[in-house]
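*Asks:* For reference, the sequence and a predicted model appear below.
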Amino acid sequence: MCAAQFPNGFLWGSATAAYQVEGSPLADGAGPSIWHRFVHTPGLVRDGDTGDVACDHYRRWKEDVAIMRRLGLQAYRFSVSWSRILPAGTGHVNYAGLDFYDRLVDALLENGIEPLVTLYHWDLPAALDDRGGWLNPEISKWFADYAEVMFRKLDGRVKKWATLNEPWVVTDGGYLHGALAPGHRNRFEAPIASHNLLRAHGAAVQAYRATGRHEIGLVVNIEPKYRASDDPADVAATARAEAYMNRQYLDPVFFGHYPKEMVEIFGEAWPDWPSEDFALIQQPIDFLGVNYYTRSVTRFDANAWPLKACAVRQKQATYTETGWEVFAPGLTETLLWVKRCYGNIPLYVTENGSAFFDPPTAAKGRVEDPLRVDYLREHLGAVRDAIAQGVDVRGYMAWSLLDNLEWSLGYSKRFGIVHVNFATQQRTPKDSAHFYAKVIASNGAVL
Ligand SMILES: N=[N+]=NCCCCNC(=O)[C@@H]1[C@H]2[C@H](O)[C@@H](O)[C@H](O)[C@@H](CO)[C@@H]12
């Protein structure tokens, strides 16, 4: 393999998530999710935006698969809406909801596109939230039972499954800071939600080993922490930040224990966990999905709750519309760090992308997004550098296929390589999509 190439069989794709693109949240017997409730609670989402329509992907999925085909995508990572399958979260199966994903998977396969399915991308059935949601230890069984319904329906056609997407964001956003559904701000709840997410992950992996025949993994966001100085306070703050955001989920899954810093961070709010839980959490997985967006240069900040750490803005850097520093070397470092700390488990970059303002382009049918092209080029080079240093990276999923609902930021931030006019639902591949198509066709040689 020459330096400019990716391995033969490297999997090039893009990613979305159910609530961000599908729309029709209550169609055909689906039950509401916590995001349906959250967006319809005034003041919680920018401009009062909702996922009621989003990219209308629930109805336009054939058109979107055709776009993927035209771009030459080899894979498509998407998530299943739990409450379409089980409207109350448990019990009655809604076969119309299953049929939507059944048809989508068949269409992907007919177009030579491999489906990568995420079982949970933040949209918990509201009925389960009413029963405590991620705070109720029973959720590990609820999640495993839902997962088994999906495995029995799709396994075989779907050969790569992920249990959870970014448990850190679910907990930090949904239970500690409250910016995401279900909007709790409680430092005693956050560790419990985190722990039950990991228990549910383990239970779903166990269920897969009993019914599935292919691969299952976990998707985590990793943001490498670079200390702002050698001042011991900054060094300790950086260690806390790395433990909280990057190791809190990986250490239990790979080592069967939490980082020691968790007790320091949460203090009295950090329970003594039952040791048997870690046997459940530590189920062996077949791959790890890494979502990378940015790094954080980190310093001590006595007022930053609960970490006592904060990010330091970098003077010469480019920042995206979400306020994230563009720092491609951090992706190489992250992939090397995972290999160094947890072994050379097969990795997929399951999300990487950037939100930049796409100016209206005079040329009809074209969307110029040079900053997103640069971001893509630099980060694909970073993946190639990690592979050249021996990391077993097997694929890359660009976030996102479509401009979509950026959670509490509504439609104000556009991550898509394909532009969506939300008034007309017209899709227009951006320059970044055309660039990515060339990268895929050459297996990275054009980089
Ligand atoms: N500070 N800071 N640092 C970056 C922290 C990133 C945490 N957020 C994510 O990773 C979310 C992931 C999500 O899967 C997707 O559903 C979201 O649309 C994208 C874009 O937001 C990313």
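*Replies:* Received it, and whenever you're ready, just let me know what you need.

*Asks:* and Pro125, what is it in contact with?
*Replies:* Gly31, Pro32, Ser33, Ile34, Trp82, Ser83, Leu86, Pro87, Ala88, Gly89 (C-beta atoms under 8 Å, 6 or more residues apart in numbering). Heads up, the C-betas are built off the backbone N, CA and C, glycines and all.

*Asks:* Write the ChimeraX selection for whichever of the residues you listed are buried.
*Replies:* The ChimeraX selection below is limited to those of these classed as buried (16 or more other C-beta atoms under 10 Å):
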select :31,32,33,34,82,83,86,87,89
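
*Asks:* got the residues of the stretch 51-200 of the chain near the ligand?
*Replies:* Residues of the stretch 51-200 of the chain found near the ligand (C-beta under 6 Å from any ligand atom) are Asn165, Glu166, Val169.

*Asks:* circling back to that earlier point, sitting in helices, which of the contacts of Pro125 do you find?
*Replies:* Using DSSP state H to define helices, the subset of the contacts of Pro125 located there is Ile34, Trp82, Ser83.

*Asks:* pLDDT at Ala3, what is it?
*Replies:* On pLDDT, Ala3 comes in at 53.

*Asks:* distance of Tyr436 from the ligand?
*Replies:* Remark: distance between Tyr436 and the ligand (C-beta to the nearest ligand atom, to the nearest Å) = 17 Å.

*Asks:* Just say helix, strand or coil for Ala304.
*Replies:* coil (DSSP: H, G, I helix; E, B strand; the rest coil).

*Asks:* ok so, going back, which member of the ones in helices among the contacts of Pro125 is positioned nearest the ligand?
*Replies:* Closest approach to the ligand among the ones in helices among the contacts of Pro125 (C-beta to the nearest ligand atom): Ile34, at 14.4 Å.

*Asks:* Can you lay out the ones in helices among the contacts of Pro125 as CSV showing pLDDT?
*Replies:* Formatted as CSV, these follow (pLDDT from 0 to 100):
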residue, pLDDT
Ile34, 99
Trp82, 99
Ser83, 98
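
*Asks:* Closest to Val312 out of those?
*Replies:* Comparing the ones in helices among the contacts of Pro125 against Val312 with C-beta to C-beta picks out Ile34 as the nearest, at 33.6 Å.

*Asks:* how many other residues sit next to the closest residue to the ligand within the stretch 1-150 of the chain?
*Replies:* Nearest residue of the stretch 1-150 of the chain to the ligand, counting by C-beta to the nearest ligand atom: Ala17, 4.8 Å away. Residues lying near Ala17 (other C-beta atoms under 10 Å) number 25.

*Asks:* Wait, it touches His121, no?
*Replies:* Yes. Counting by C-beta atoms under 8 Å, His121 is a contact partner of Ala17 at 3.9 Å.

*Asks:* Between those two, which contacts overlap?
*Replies:* Joint contacts of Ala17 and His121 (C-beta under 8 Å, 6+ apart) are Ser79, Asn165.

*Asks:* All the helices of the stretch 151-300 of the chain, residue numbers only.
*Replies:* 167-171, 189-211, 232-242, 250-255, 261-266, 275-281 (DSSP state H, counting those that start in this stretch).

*Asks:* Any chance of those in CSV with mean neighbour count and mean pLDDT as columns?
*Replies:* Formatted as CSV, the helices of the stretch 151-300 of the chain follow (neighbours: other C-beta atoms under 10 Å; pLDDT from 0 to 100):
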stretch, mean neighbour count, mean pLDDT
helix 167-171, 23, 98
helix 189-211, 23, 98
helix 232-242, 19, 98
helix 250-255, 20, 98
helix 261-266, 18, 97
helix 275-281, 16, 97
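
*Asks:* Format those as CSV; extra columns: distance to Val219.
*Replies:* Below are the helices of the stretch 151-300 of the chain laid out as CSV (distance: least, C-beta to C-beta, whole Å):
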stretch, distance to Val219
helix 167-171, 9
helix 189-211, 10
helix 232-242, 19
helix 250-255, 12
helix 261-266, 21
helix 275-281, 16
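
*Asks:* Tell me which of those helices sits nearest to Ser400.
*Replies:* Going by C-beta to C-beta, the one of the helices of the stretch 151-300 of the chain nearest Ser400 is helix 167-171, 15.1 Å.

*Asks:* And the residue of the chain closest to the ligand?
*Replies:* Closest point on the chain to the ligand, by C-beta to the nearest ligand atom, is Asn221, at 4.0 Å.

*Asks:* quick one, what contacts that residue?
*Replies:* So Asn221 contacts Glu166, Trp168, Val169, Met245, Val290, Asn291, Tyr292, Tyr293, Glu351 (C-beta under 8 Å, 6+ apart).

*Asks:* Ok, Val220 next?
*Replies:* Glu166, Pro167, Trp168, Asn246, Tyr249, Leu250, Leu288, Gly289, Val290, Asn291.

*Asks:* Near the first one, how many residues? Count them for me, please.
*Replies:* When counting by other C-beta under 10 Å, one arrives at 24 neighbours for Glu166.

*Asks:* How about it: what's its closest non-neighbour residue?
*Replies:* Residue nearest to Glu166 in three dimensions, not counting chain neighbours: Asn221, with 4.6 Å by C-beta to C-beta, 6 or more residues apart in numbering.

*Asks:* can you pull up the bridge partners for the one you found?
*Replies:* With DSSP bridges applied, Asn221 shows beta-bridge pairing to Asn291.

*Asks:* how about the helices of the stretch 1-150 of the chain, start to end?
*Replies:* 18-21, 34-39, 57-71, 82-85, 95-110, 126-129, 139-154.

*Asks:* Show me what counts as buried in the fifth one.
*Replies:* Spelled out, it's helix 95-110. For helix 95-110, using 16+ other C-beta under 10 Å, the buried residues are Gly97, Leu98, Phe100, Tyr101, Leu104, Val105, Ala107, Leu108.

*Asks:* mind saving the C-alpha coords of it as CSV?
*Replies:* Taking Å, rounded to 0.1, in the frame of the first residue of the first chain, the C-alpha atoms of helix 95-110 are listed here in CSV:
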residue,chain,number,x,y,z
TYR,A,95,-44.5,-3.7,12.2
ALA,A,96,-44.9,-0.6,10.0
GLY,A,97,-41.9,0.9,11.8
LEU,A,98,-39.9,-2.3,11.2
ASP,A,99,-40.9,-2.3,7.6
PHE,A,100,-39.4,1.2,7.0
TYR,A,101,-36.0,0.0,8.1
ASP,A,102,-36.5,-3.3,6.2
ARG,A,103,-37.1,-1.4,3.0
LEU,A,104,-34.3,1.0,3.6
VAL,A,105,-31.8,-1.8,4.2
ASP,A,106,-32.9,-3.7,1.0
ALA,A,107,-32.6,-0.5,-1.1
LEU,A,108,-29.1,0.1,0.3
LEU,A,109,-28.0,-3.4,-0.5
GLU,A,110,-29.5,-3.3,-4.0
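
*Asks:* outside of it, which residues touch it?
*Replies:* Contacts of helix 95-110 (C-beta under 8 Å, 6+ apart): 28-30, 58, 61-62, 65, 68, 76, 78, 80-81, 84-85, 87, 114-115, 117, 149-150, 153-154, 157-158.
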